[in-house]
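Chemist: Predicted model and sequence follow; I will ask about them next.
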Amino acid sequence: MEVTAAMVRELRQATDAPMMDCKKALVESNADMQKATEWLKERGISQSAKKADRVAAEGLVGFKLADDFSKATIVEINSETDFVAQNEGFKNLVLKTTEEVYATSPSDVESLRATSFGSYFSETVAKIGEKIDVRRFTTLKADDESVALNGYIHSNNRIAVIVLAKCDSKKTAQGLIPTLKNIAMHASAMKPTTLSYKDFNPEFVDGETKGRIEALKKENEELSRLKKPLKNIPQFVSMMQLSDEVLAKAEADIKEALKAQGKPEAIWDKIVPGQLARFIDDNTTLDKELALLDQTYVLDDKMSVAQAVQAAAKELGGTAEIVDFVRFEVGEGIEKKVDDFAAEVAAQMS
């Protein structure tokens, strides 16, 4: 009997086994769905289906960087427990998966699972005996001689970063590679979620503004009760909100305050720029938390990350800007299941 694509899909949905294994099982079983299911079970390939309701939120990231800094790959593979994540078999699986993704550049996880490597992965998972998922992967390439690339994986193998910069020349790109390693280390620690404040959704910024202002108001209530200095409550949280009109008004307010203080107008030009910079700093807290380019650089708190890259490029006699980065941290965004043992026992006794 002919094995059809629909049959392969049905078996995959029933067993959660890779498509190539499903096809092989159907061929070996003469297209008998029940026998094909048993064929997969006998080989441990469908065991992951029994674990489908479990949450795989632990694990490791894999990282591979080309010797010539032309390409880098990050892979996140999740396990249910940290115990398994420290198993040599699991570590080897992460290593081999990273090598496979680096070499073949599959378009997505499903494409990876559909290859012969997907069969190897499933068989290895069956031996380990815990739910293990390839959650995501990505590869960045320096596909032009004026593009610089570097990356970093943290010593715990749970965080990895790749950074890509566009430069004015090959010379600048090559000279900038060590700086990009430092930027990747910065991103590892500071957890940016986007490249620039320009990437924020206006609705997200609006929601953050209201939430942060309310949180500061409540904090000030407590500080006031304790008779401690109150924190400044900003009007805004992102450069996205600081239009020309907003900045013009801020400058006018600063000058009005200087006038009220009796400061000679002749020295205003020495005071206003600093106070305007402070206004911008106070009203861009969201950018400094989440946008890589706008964060304060950990190796020099007098500069932003964008300014640090510009300064490094200038020393090389050129220009550069970061145009892309990827940061993976194991389990980020996954809601872990917390077992309440007492509640479970109570439920069984009722």
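Modeler: Now that the structure is in, tell me what you want to look at. Numbers count the residues shown, from 1 in each chain.
Chemist: which residues of the stretch 201-350 of the chain score low on pLDDT?
Modeler: For the stretch 201-350 of the chain, the stretches with pLDDT under 70 are 335-350.
Chemist: Mind jotting down where the strands sit in it?
Modeler: Along the stretch 201-350 of the chain, counting by DSSP state E, counting those that start in this stretch, strands occupy 320-329.
Chemist: how about the helices in the stretch 51-200 of the chain?
Modeler: If DSSP state H, counting those that start in this stretch is used as the criterion, the helices of the stretch 51-200 of the chain fall at 82-85, 88-104, 109-113, 116-128, 170-190.
Chemist: distance between the shortest one and the chain's centre?
Modeler: Distance of helix 82-85 from the chain centroid (C-alpha atoms, centre = their mean, to the nearest Å) equals 21 Å.
Chemist: Then the fourth one?
Modeler: Averaged C-alpha coordinates place helix 116-128 at 26 Å from its chain's average position (C-alpha atoms, centre = their mean).
Chemist: how big is the angle separating that helix from helix 88-104?
Modeler: 170 degrees (axes from the mean of the first three to the mean of the last three C-alpha atoms, to 10 degrees).
Chemist: Same check on the longest one?
Modeler: If you take the same axes, to 10 degrees, helix 170-190 sits at 150 degrees to helix 88-104.
Chemist: Counting by contacts, list what helix 170-190 packs against.
Modeler: strand 147-153, strand 159-167, helix 305-315, strand 320-329 (3 or more C-beta pairs under 8 Å, 6 or more residues apart in numbering; DSSP states H and E). For glycine as for every other residue, the C-beta is placed from the backbone atoms N, C-alpha and C.
Chemist: Could you tell me the per-residue confidence at the nearest residue to E329 once chain neighbours are set aside?
Modeler: Of all residues not flanking E329 in the chain, I159 sits nearest, at 4.8 Å (C-beta to C-beta, 6 or more residues apart in numbering). Looking at I159, its pLDDT reads 98.
Chemist: I159: how many residues sit nearby?
Modeler: 22 (other C-beta atoms under 10 Å).
Chemist: what do you get for L60?
Modeler: Neighbours around L60, by other C-beta under 10 Å: 25.
Chemist: what are the bridge partners for it, then?
Modeler: I77 (DSSP bridges).
Chemist: coming back round to it: the residue nearest to E329 and E130, how far apart?
Modeler: 22 Å (C-beta to C-beta, to the nearest Å).
Chemist: follow-up on the earlier one: mind putting the helices and strands packed on helix 170-190 in JSON lines, distance to G274 included?
Modeler: Shown next, in JSON lines, are the helices and strands packed on helix 170-190 (distance: least, C-beta to C-beta, whole Å):
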{"stretch": "strand 147-153", "distance to G274": "34"}
{"stretch": "strand 159-167", "distance to G274": "30"}
{"stretch": "helix 305-315", "distance to G274": "17"}
{"stretch": "strand 320-329", "distance to G274": "26"}
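Chemist: Please identify which of the ones you listed is closest to G118.
Modeler: Nearest of these to G118, taken as C-beta to C-beta: strand 320-329 at 20.7 Å.
Chemist: tell me what that closest one is packed against?
Modeler: strand 71-79, strand 132-141, strand 159-167, helix 170-190, helix 305-315.
Chemist: Reformat the ones you listed as a markdown table; add distance to L65.
Modeler: As requested, the helices and strands packed on strand 320-329 are exported to a markdown table (distance: least, C-beta to C-beta, whole Å):
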| stretch | distance to L65 |
| --- | --- |
| strand 71-79 | 5 |
| strand 132-141 | 10 |
| strand 159-167 | 8 |
| helix 170-190 | 10 |
| helix 305-315 | 19 |
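Chemist: K263: which of those is closest?
Modeler: Proximity to K263, assessed across these by C-beta to C-beta, is greatest for helix 305-315 (29.6 Å).
Chemist: May I see the buried residues of that closest one?
Modeler: By 16 or more other C-beta atoms under 10 Å, the buried positions in helix 305-315 come out as 305-306, 308-310, 312-313.
Chemist: Report the distance from the longest helix that the chain contains to the chain centre.
Modeler: The longest helix of the chain (DSSP state H) is helix 202-225. Taking the mean of its C-alpha atoms, helix 202-225 sits 26 Å from the chain's own mean (C-alpha atoms, centre = their mean).
Chemist: Just the residues contacting that helix, thanks.
Modeler: 229-231, 233-234, 236-238, 240-241, 285-286 (C-beta atoms under 8 Å, 6 or more residues apart in numbering).
Chemist: Looking at these, spot the one nearest G89.
Modeler: Distances from G89 to the contacts of helix 202-225, taken by C-beta to C-beta, are shortest for L286, at 42.5 Å.
Chemist: Now do the nearest residue to that closest one once chain neighbours are set aside against I254, distance only.
Modeler: Nearest residue to L286 in three dimensions, chain neighbours excluded: V237, at 4.0 Å (C-beta to C-beta, 6+ apart). Look at V237 and I254: by C-beta to C-beta, they are 20 Å apart.
Chemist: out of those two, which sits in the busier spot?
Modeler: Neighbours per residue, other C-beta under 10 Å: of V237 and I254, the larger number sits with V237, 25 against 19.
Chemist: Now do the phi/psi pair for that one.
Modeler: phi -130, psi -10 (degrees, to the nearest 10).
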